[in-house]
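In: Give the three-dimensional model of this entry:
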Amino acid sequence: MVKKKKTKKRKELTYEKKAIEMARRHWEKQREKAIHDRRTFRGLQIIPSSSFYDESHGHKPGENNWIGFGFDLHPQVSLVAGGLVALFIVLTVIFREQSAFFFQNLLDGIGNTFGWLYILAANFFVLVMVLIAASDYGKIRIGGPDALPEFSTFSWYAMLISAGMGIGLMFWSVAEPVFHYMTPSPMFDVPAQTAQSAQVALGLTYYHWGIHPWGIYALVGLSLAFFAYNRGLPLTIRSVFYPLLGEKIYGFWGNIIDILSVLATLFGLATSLGLGVKQVSAGLNYLFGFPDSTGYAVLLIAVITFFAVLSIATGLDKGVKMLSMANLYTAGAFMLFLLVVGPTVYILKVFTQNIGFYIQNLPQLSFWVESFYGAEGSSWQNPWTIFYWGWWISWSPFVGMFIARISKGRTVREFVLGVIVFPTLLSFLWMSSFGGSALWLELTKATDIATAVKADVSTALFVMLEQFPLTGITSFIGIMLVTIFFITSSDSGSLVVDHLTSGGKLDSPVPQRIFWGIIEGVCAAALLMGGGLVALQSAAIATGLPFTVVLLIMCYSLYRGLQEEYYHATIIEKMQPELHKVEIPVAED
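Out: Next up is the predicted model:
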């Protein structure tokens, strides 16, 4: 007797689930249509939309600009910021020896006096972002209730990573863990060049590249996106302070805010570009024997800046997006290659263990300021944590504005989680792959990377790659990655500075964008000539200090704006007539 197979009866969807499924499919189609049919954007152009009311009150971006000779400039912001930058470049180039001494004293002075402020402020920024994402304000959509994303999620992440800290990840991924391995933080009191210091080394690297920098970027990006897309204000830093200053954002105080933003962006960019060129120069010297001197580095800045200018002329949607996507694929393949040919199991174990170490020690690390080390104190934190926090803060107007530009249509919660969680985990995996491999080589005595790092930080990556297959190819790929990161950072940064100095105008002339791209390269060259790595670090923390105060005030202003938005959204929802609500009876199974 043949038994009939029991056929499983397919469960029919209820009316409610069918309606939800239809709504989901409709949303996906509309989202794809929004991405496909969006306008081609050149630079940081936006068309602001206000969800409940428009606070522009008839003001137009760039309404008081000076126009002529290929420029369209906000006079007060452009002249003051440009004048200060020009003065800095001239003095640094003329007084090169004095500049090196000045930058060292500046780095020590700000770190010793205001280091505690950087530490507290960075923690506060992260806390504010977490609280906002967890609150009811997380449901607010950037651009209004009906706004849809303009870029796919993958493209969004690719541009986040490329603009956020690409050069830094390449420069410090090997050098920083090895530095901490040789000279661990006095907070942990572990012997140098041991298994314990290797654990501490990667934990400290996670701390510097973890949620704190991305929390700072999220704060600035969310503030700019909300006030531009939901309130109809120009995409400039001054717009964020509308709840506090009102119409005064178009006057003196607004100009001061944008001037500080321009200076912070330029010197934050110059720091990254300077580090990138040092690594490219060291790589070319290592592979092909090219000179590794300051003069040659300046020549490289000129050459790479030229290619960055070409990218600037093509606009955000073509130049930056295409390079970012290409760089993300290349960097991913680069990391995957090292995972396969390197100590694979060790890297994965290091990644897993150090996430736990990071979470366990984060509270103490986040508030440690070298307080109890005698009269002379400790000098470990200034060139590391304080430098990084200053660098991230000075870099935040650029990255924040760039993130704001590409994030329309996402909810506040999606924005905060996307900007903080994914890039942080990716940074951890990258640091574990490269830094973990370098520490493995040190612990197994396979090679002496520590000596190379002491001699020249820029060569650390190439010395490490020499221990694995296809050294020449991987080293060349490393050089190309740094170069493209340089181009995308310079490209995006010049567009941001141009936007700030044109009063938030949508269509600024191409010559103007090229001008600011060149100025960024000149700033990086001047800092290299005037003190090298110390000058780059000093410029970052010096410009980050006044901007820290701006960001602290920004937290309250953003809270006020979100509070008003949520209040209006709630009132309108309550005003919807009951007759619009239709209940569909659902048959029970």
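In: Name the residues that touch whichever strand or helix holds residue 81?
Out: Element membership of residue 81 [criterion: DSSP states H and E] is helix 75-94. Outside helix 75-94, the residues that touch it by CB atoms under 8 Å, 6 or more residues apart in numbering are 64-66, 73, 99, 255, 258-259, 262-263, 266, 500-503, 519, 522-523, 526-527, 529-530, 535. The C-beta positions use only the backbone N, C-alpha and C, and glycine is treated the same way.
In: and if you look at stretch 110-126?
Out: 211-212, 215-216, 219, 366-370, 377, 381-383, 385-387, 389-390, 392-393, 420, 538, 541-542, 544-545, 548, 551-552, 555.
In: Among these, name the ones in helices.
Out: Among the contacts of stretch 110-126, the residues falling in helices (DSSP state H) are 211-212, 215-216, 219, 366-367, 387, 389-390, 392-393, 420, 538, 541-542, 544-545, 548, 551-552, 555.
In: List only buried entries from those residues.
Out: By neighbour count, with 16 or more other CB atoms under 10 Å, the ones in helices among the contacts of stretch 110-126 hold 211-212, 215-216, 219, 366, 387, 389-390, 392-393, 420, 538, 541-542, 544-545, 548, 551-552, 555 as buried.
In: where does the stretch 1-150 of the chain dip in pLDDT?
Out: Flagging of the stretch 1-150 of the chain using pLDDT under 70 yields the residue ranges 1-20, 23-24, 27, 30-59, 61-62.
In: just the helices in it please.
Out: All helices of the stretch 1-150 of the chain, identified by DSSP state H, counting those that start in this stretch, fall at 15-37, 75-94, 96-134.
In: what do you get for the stretch 251-400 of the chain?
Out: 252-288, 294-314, 321-341, 344-367, 387-405.
In: The fourth one: how far from the chain's middle?
Out: Read that as helix 344-367. 22 Å (CA atoms, centre = their mean, to the nearest Å).
In: Where does pLDDT dip in the stretch 301-450 of the chain?
Out: Looking at the stretch 301-450 of the chain by pLDDT under 70, you get 314-321, 324, 374-378.
In: swap in the stretch 451-589 of the chain?
Out: If you take pLDDT under 70 as the line, the stretch 451-589 of the chain has these spans: 506-507, 571-589.
In: Which parts of it are strands?
Out: Along the stretch 451-589 of the chain, counting by DSSP state E, counting those that start in this stretch, no stretch forms strands.
In: coming back round to it: could you dump the helices of the stretch 1-150 of the chain into CSV and include mean neighbour count?
Out: Compiled in CSV, the helices of the stretch 1-150 of the chain are given as follows (neighbours: other CB atoms under 10 Å):
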stretch, mean neighbour count
helix 15-37, 11
helix 75-94, 17
helix 96-134, 18
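In: Residue 178: which of the ones you listed is closest?
Out: Residue 178 sits nearest to helix 96-134 of all the helices of the stretch 1-150 of the chain, at 21.4 Å, using CB to CB.
In: Now do the closest one: distance to the chain's middle.
Out: The chain centroid and the centroid of helix 96-134 are separated by 16 Å under CA atoms, centre = their mean.
In: Quick one: name whatever helix or strand follows it.
Out: Heading C-terminal from helix 96-134 (DSSP H and E), you reach helix 153-182.
In: and the direction of that following helix versus that of helix 344-367, what angle?
Out: Going by axes from the mean of the first three to the mean of the last three CA atoms, to 10 degrees, helix 153-182 is angled at 80 degrees with respect to helix 344-367.
In: for the following helix or strand past helix 153-182, packing partners?
Out: Sequence order places helix 195-208 as the next helix or strand after helix 153-182, per DSSP H and E. With contacts defined as 3 or more CB pairs under 8 Å, 6 or more residues apart in numbering; DSSP states H and E, the packing partners of helix 195-208 are helix 153-182, helix 344-367, helix 412-443.
In: which other residues reach the shortest one?
Out: The reference is to helix 344-367. Contact partners of helix 344-367, identified using CB under 8 Å, 6+ apart, comprise 119-120, 122-123, 187, 199, 202-204, 206-207, 210, 212, 338-339, 428-429, 432-433, 436-437, 439-440.
In: residues contacting the nearest residue to residue 307 once chain neighbours are set aside?
Out: Leaving out its chain neighbours, the residue that sits closest to residue 307 by CB to CB, 6 or more residues apart in numbering is residue 487, at 5.5 Å. For residue 487, the contact set (CB under 8 Å, 6+ apart) comprises 304, 307, 308, 311, 323.
In: With residue 172 instead?
Out: Per CB under 8 Å, 6+ apart, neighbours of residue 172: 205, 209.
In: Repeat the analysis, applying 10 Å as the threshold.
Out: Going by CB atoms under 10 Å, 6 or more residues apart in numbering, residue 172 touches 165, 179, 205, 208-209, 275, 279, 388, 431, 434-435, 457, 460-461.
In: Rebuild the residues you listed as CSV, extending it with distance to residue 496.
Out: What follows is the contacts of residue 172, written out as CSV (distance: CB to CB, whole Å):
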residue, distance to residue 496
165, 16
179, 31
205, 28
208, 24
209, 22
275, 19
279, 23
388, 21
431, 27
434, 29
435, 30
457, 28
460, 30
461, 28
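In: List buried residues within those.
Out: Neighbour counting with 16+ other CB under 10 Å marks 165, 179, 205, 208-209, 275, 279, 388, 431, 434-435, 457, 460-461 as buried within these.
In: Count the neighbours of residue 446 for me.
Out: 11 (other CB atoms under 10 Å).
In: Can we start the residue count at 897 from this point?
Out: I'll keep to 897 as the first residue from here, and by that count the last item is residue 1342.
In: That one falls within a helix, correct?
Out: No - assigned with DSSP: H, G, I helix; E, B strand; the rest coil, residue 1342 falls outside any helix and is coil.
In: Skipping its backbone neighbours, what lies nearest it in space?
Out: Distances taken as CB to CB, 6+ apart place residue 1363 nearest to residue 1342, at 6.0 Å, with adjacent residues excluded.
In: Determine which of the helices of the stretch 1147-1296 of the chain approaches residue 1030 most closely.
Out: Closest of those to residue 1030 is helix 1240-1263, at 17.7 Å (criterion: CB to CB).
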